[in-house]
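S.K.: here is the input, now give the coordinates:
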Amino acid sequence: MSIGFDELSRAGAGSRKIGQLPISWDTDVDAAVTRAHEQFRWFAGGWKINAELPGPAAFAGATQFVRPEDVAQQIACGADVDAVVEAARPFIDAGFTDVALVQIGDEAQDRFLTEAAPELLAALHDALA
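M.R.: I've put the predicted structure just below:
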């Protein structure tokens, strides 16, 4: 049995619960994985490790052996809407009311918003309902 956000939150039942989910959307899966690895490989260490790292050099050292495939196992990469919804599932199951998608990479933002967001947001809305 999982513990929901309401049980852990001081905000209480009925309040908005917002989670952030990094994704690397791109119709070219290899480009999405590469971008996620270059910009988000620190994600592989988890919060317990990241909170202890004092700066960029420590992050670089801690992530030097993280491979692109390691990142792709933790972050939805590519244009698969179902994969993003599945990545959001733990937030949904925990009782989050909102899931903010963090698209990795400045160069991919406009394409993400015009090409992926409408279908993806509809699928996430259905999953949250």
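S.K.: can you give me the helices in the chain?
M.R.: Per DSSP state H, the chain carries helices over the ranges 5-8, 29-40, 47-50, 56-62, 68-74, 81-93, 109-111, 117-128.
S.K.: nearest to Q103, out of those helices?
M.R.: helix 109-111 (5.8 Å; CB to CB). From N, CA and C alone the C-beta is placed, and that goes for glycine too.
S.K.: contacting residues around that closest one?
M.R.: W25, D26, Q103 (CB atoms under 8 Å, 6 or more residues apart in numbering).
S.K.: G19 and L53: what is the separation?
M.R.: Using CB to CB, to the nearest Å, G19 is found at 22 Å from L53.
S.K.: and for A79?
M.R.: In terms of CB to CB, A79 sits 32 Å off from L53.
S.K.: equivalent analysis for V71, please.
M.R.: 17 Å.
S.K.: in terms of neighbours, single out the busier of the two.
M.R.: More crowded of V71 and L53, by other CB atoms under 10 Å: V71, with 26 against 16.
S.K.: by mean pLDDT, which helix or strand of this structure comes out lowest?
M.R.: helix 5-8 (a mean of 62; mean pLDDT, DSSP states H and E).
S.K.: my guess is Q20 contacts D98, does it?
M.R.: No: assessed by CB atoms under 8 Å, Q20 is found out of contact with D98, at 9.7 Å.
S.K.: tell me who's in contact with the spatially closest residue to E119 that is not a sequence neighbour.
M.R.: Leaving aside its chain neighbours, E119 sits nearest to V81 (5.7 Å; criterion: CB to CB, 6 or more residues apart in numbering). Going by CB under 8 Å, 6+ apart, V81 touches A116, E119, L120, A123.
S.K.: check L128 too.
M.R.: Listed by CB under 8 Å, 6+ apart, the contact set of L128 reads I92, T97, V99.
S.K.: one more: I92?
M.R.: V99, A127, L128.
S.K.: I'd assumed F91 was in contact with the first one.
M.R.: Meaning V99. Yes: between V99 and F91 a contact is recorded at 4.9 Å, counting by CB under 8 Å.
S.K.: sounds good, over and out.
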